[in-house]
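In: A structural model of the following input is requested.
(chains A and B)
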Amino acid sequence: MKLPVIPIIPVKANAGTDAGGCASAGCGSAPDALAHLPDEIRRKVQDHPCYSEQAHHYFARMHVAVAPACNIQCNYCNRKFDCANESRPGVVSELLSPDQAVKKVLAVAAAIPQMTVLGIAGPGDPLANPERTFATFRELSERAPDIKLCVSTNGLRLPEFADEIAHHNIDHVTITINCVDPEIGARIYPWIYWNNRRIRGVEAARILIEQQQKGLEMLVAKGILVKVNSVMIPGVNDKHLPEVSKLVKAKGAFLHNVMPLIAEAEHGTYYGVMEQPGPTAAELQSLQDACSGDMAMMRHCRQCRADAVGMLGEDRGAEFSLDKIDKLDTQDIDYASAMARRKVVHEEIIGKLEAQRQWPAAKVGVGGTAITAGRPVLMAVATTGGGVINQHFGHAREFLIYEASDMDVRFIGHRKTDLYCSGGNSCGEEESVLDKTIAALAGCEVVLCAKIGYEPWGALEAAGIQPSGEHAMEPIEDAVAAVWREMLAAGKLATPAAMKKCA
Amino acid sequence: MALIINHLCTCCDACLHVCPNDAIRAEQPYYLIETTLCTECLGEYAEAQCAAICPIEGAILDELGVPLNPPGSLTGIPPHKLAALQRIEMQLQK
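Out: Residues are numbered from 1 along each chain as shown, chains lettered A, B, ... in the order given. Below you'll find the model as predicted:
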């Protein structure tokens, strides 16, 4: 396994003087999680929050929901509802026309200089709405040439549109590939619309898989970056996904993103109604590890909506709602000067990231004492971004999870505390938010935050999770490594993991 | 002879793209099939195209009001689970 790592093995004496220079390298991925990629590809993704773990702390993305139609059915999707309390792919509040979408992008790009990426991801399949999708791309590539364009698709019509995708300078495509075996596919996709017919079962899955694979090959041949998304469905494709990972990697996909199934009865999806369980955090992590091989795995995906705006994990969509966009006159947006401002902001961030990449990898080990073996420890971190511990425990809607060991500090993933739903009448959960948060942190032994109240402190301790506000405003990996060393010194890591299993 | 779209329609556009007769109008709150233009795709395709791509069970009816995609036919959700789903949907529509 070649995972993004930051060694905290002993460092050479002279490196110890570098202590002041440590800044976060992002989510514990080595200063560069995508280091194995050729320079050319790395340059393309270094400011893409969805592709680069590092970048997602600093750059923002937006999706415009211009593509409502879909040409397949997935068992984890139900297009009927938009519950205001939830946030999952396939769901949007407002559909935009291509004109409205362009206006919205210009407005957001002018207001949020960190915005680098515009994606079309639905709420249906962008390539089942080719006119609307490509009209939006065409206009944007002219009017906002500094914005990277990307598209997500189920792949059914990808071979048909590969040329057009290249033509619009779309250099990033995400294909959702849940299987390469039609028998498994038949349990994920009840039907597809193909050649003017609704086709069901194994035959439908066979056609879909064939088109996805062909599309992947065509895009790679054109030099377009392809990321593959897979939804992990326990008992359906969980054992099969390592094979998918191997195959798509061999064909040239540069990143594989294994996401957990989201299935709640109240979503009205097939899996939700049939009570198909999603994976636990531990199961997801173990599959991600199994799939990683020497390919970059993505662990920071937030499974955002097709109309999300802002940094990954946040959604500022409400600031740019349709009524506000409609009142806007594009003449009023001075995009040229906004673009100049954006350029400065981007170069500054890229410079910072580049500098981090150059640092000796062993920076965390500052202190010089040899580290003896201790068991790995999971720690949760509350952060609003920027790679430092800077969020109040009670304000965190998600926690970043790190694993510290004698080898390294590595980013494992994130856990949401509101579990896609903040409650409300329809959701009928009696559990308190604190209980839910503690359940979401199962398996973690430490939680690092900027501050924490008296009540949650006690509850966390009672649950076997040690809260700490001592490392407020420190770079995440440094703090995680320091806490691990403290635990080691205190003899807490000598015993084999008496860890509670991840929920 | 024409098909009908009812209130279950989510205005997802899928049928608009595939109707060979341009018979579907993007009306609100749900789409409308122009009876004078709809041929039910007879002689053109083996299946009425709108009904072949529509993801919503019960949203497209024949002229007798019979759904072309009856409950359970698209999602595969078995009948004994459909009632529970309907309750959820009713609750969400409130």
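In: CA only for contacts and neighbour counts going forward, please
Out: Will do.
In: give the buried residues for the one helix or strand A:Lys343 maps to.
Out: Using DSSP states H and E, A:Lys343 sits within helix A:335-358. Using 16 or more other Cα atoms under 10 Å in any protein chain shown as the test for burial, helix A:335-358 gives A:335, A:338-339, A:342-343, A:345-346, A:349-350, A:353, A:356-357.
In: what sits against A:Gly464?
Out: Taking Cα atoms under 8 Å, 6 or more residues apart in numbering or on different chains as the contact definition, A:Gly464 lies against A:Glu445.
In: so where do the helices sit in chain B?
Out: Using DSSP state H, the helices of chain B run over B:14-18, B:49-53, B:79-93.
In: now the longest one: average pLDDT?
Out: To tie it back to what came earlier, the one meant is helix B:79-93. Helix B:79-93 carries an average pLDDT of 76.
In: try the first one
Out: The average pLDDT within helix B:14-18 is 94.
In: so is it next to chain A?
Out: Yes: applying Cα under 8 Å from any Cα of the partner chain, one finds helix B:14-18 touching chain A at B:14, B:17-18.
In: show me the domain layout of chain A.
Out: Domain ranges of chain A: A:6-25+A:359-489, A:39-327, per automatic domain parsing.
In: mean pLDDT lowest where, among the ones you listed?
Out: domain A:6-25+A:359-489 (a mean of 72).
In: rebuild the domains of chain A as a markdown table, extending it with distance to B:Glu44.
Out: Formatted as a markdown table, the domains of chain A follow (distance: least, Cα to Cα, whole Å):
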| stretch | distance to B:Glu44 |
| --- | --- |
| domain A:6-25+A:359-489 | 45 |
| domain A:39-327 | 10 |
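In: which one of the ones you listed lies nearest to B:Arg25?
Out: The closest of those to B:Arg25 is domain A:39-327. By Cα to Cα, the value is 15.0 Å.
In: neighbours around A:Glu319, how many?
Out: 11 (other Cα atoms under 10 Å in any protein chain shown).
In: next, format the residues of helix B:14-18 next to chain A as TSV and append distance to A:Lys148 and neighbour count.
Out: Compiled in TSV, the residues of helix B:14-18 next to chain A are given as follows (distance: Cα to Cα, whole Å; neighbours: other Cα atoms under 10 Å in any protein chain shown):
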residue	distance to A:Lys148	neighbour count
B:Ala14	27	24
B:His17	28	17
B:Val18	31	17
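In: nearest spatial neighbour of the residue of chain B found nearest chain A, skipping sequence neighbours?
Out: Going by Cα to the nearest Cα, chain A is nearest to B:Ala14 of chain B, at 4.4 Å. Among residues not flanking B:Ala14 along the chain, A:Ala69 sits closest, at 4.4 Å (Cα to Cα, 6 or more residues apart in numbering or on different chains).
In: any idea how far A:Ile41 is from the residue in chain A that chain B sits nearest to?
Out: In chain A, no residue comes nearer to chain B than A:Ala69, which is 4.4 Å away by Cα to the nearest Cα. To A:Ile41, A:Ala69 is 32 Å away according to Cα to Cα, to the nearest Å.
In: what about stretch A:138-153, near chain B?
Out: No: using Cα under 8 Å from any Cα, stretch A:138-153 stays clear of chain B, with a minimum separation of 15.4 Å.
In: who's in contact with that stretch?
Out: With contact meaning Cα under 8 Å, 6+ apart, stretch A:138-153 is reached by A:102, A:106, A:115-122, A:125-127, A:137, A:168-176, A:335, A:339.
In: filter those residues down to the ones in strands?
Out: Within the contacts of stretch A:138-153, residues falling in strands by DSSP state E are A:115-120, A:172-176.
In: just the strands from chain B, written as ranges.
Out: Using DSSP E, the strands of chain B run over residues B:4-5, B:24-25, B:32-33, B:60-61.
In: quick one, which of those strands is nearest to A:Glu160?
Out: strand B:24-25 (25.0 Å).
In: neighbouring strands - and their directions - for that closest one?
Out: Here strand B:24-25 is paired, per DSSP bridges, with strand B:32-33 (antiparallel).
In: how far off centre is the partner strand?
Out: Relative to its parent chain, strand B:32-33 has a centroid offset of 10 Å by Cα atoms, centre = their mean, to the nearest Å.
In: near chain B, which residues of the stretch 101-250 of chain A?
Out: With Cα under 8 Å from any Cα as the criterion, the stretch 101-250 of chain A meets chain B at residues A:124, A:128-129, A:190-191, A:193, A:196-198.
In: equivalent analysis for the stretch 251-400 of chain A, please.
Out: Counting by Cα under 8 Å from any Cα, the residues of the stretch 251-400 of chain A that sit close to chain B are A:265-266, A:268, A:270, A:273-274.
In: quick check: B:Glu44 vs A:Asn237, distance?
Out: 38 Å.
In: do B:His7 as well
Out: Distance from B:His7 to A:Asn237, counting by Cα to Cα: 36 Å.
In: kindly report the same for A:Ala250.
Out: Counting by Cα to Cα, the gap between A:Ala250 and A:Asn237 amounts to 19 Å.
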